[in-house]
Structure formats: structure tokens, C-alpha cells
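> Generate a structure from the sequence data that follows.
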Amino acid sequence: MNQTVERKIKLRPDEVKRFVAAASQCDFDIDISYNRYVVDAKSIVGVLGLDFNQMLTIRYCGYNEAFEACLKSFSCAC
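Residues are numbered from 1 along each chain as shown. Below is the predicted model of the structure:
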């Protein structure tokens, strides 16, 4: 069984399409959240509803090399 991975990222509205496309290529569930608000990271409408001024938390159980590379581009030193 895979362990849950948690990453912190910052997204801008113009980066959402690339992020959702990368998440959609994964065969495991990915959640993106801040505070108590959680959405499916594969939903462009859900992700666009987030507050981009907030630090976002990504949680998932699985591994996809392309998704990891995408996350790395959005990661921040927290």
C-alpha cells in the first residue's frame, strides 16, 4: 500500500490548466486543499474555485513521474 504524500504549492490562475492536465494523467486520487476546503485536483472547475493567495496542500497516494515534475515547478519553501 502506498503512503499518503503531502506537498505545499502556490498556484496562479494561469497555471491551473497545466496542473489539472498533469493530475488527470495519474491513476490515483489527488486532493488539493486549503483550510477545510478540499477539491479534486483533476477538476478544473474545482481548482479554479480555490483562493490562489493561499498556500495549497496536495495529498495523494501514488507516484507519477510527470506529476512529480509538475509539482516541483509549483513547490515553495514552506
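> got the contact list for Lys17?
Counting by CB atoms under 8 Å, 6 or more residues apart in numbering, Lys17 makes contact with Ile44. (Each C-beta comes from the backbone N, C-alpha and C, glycine too.)
> How much space separates it from Asn64?
18 Å (CB to CB, to the nearest Å).
> beta partners for Asp40?
Beta-bridge pairing for Asp40 (DSSP bridges): Asp31.
> What distance do you get for it to Phe28?
12 Å.
> cool, Ala66 as well?
13 Å.
> now Ser75
Ser75 is 19 Å from Phe28, by CB to CB.
> now Arg59
Taken as CB to CB, the span from Arg59 to Phe28 is 11 Å.
> go on, Thr57?
For Thr57, the distance to Phe28 - CB to CB - is 16 Å.
> Ser43 too?
Taking CB to CB, one finds Ser43 at 15 Å from Phe28.
> which secondary structure element contains Arg7?
strand 5-9 (DSSP states H and E).
> residues touching Ser70, list them.
If you look again at residue 70, you'll see it is Cys, not Ser. Per CB under 8 Å, 6+ apart, neighbours of Cys70: 18-19, 22-23.
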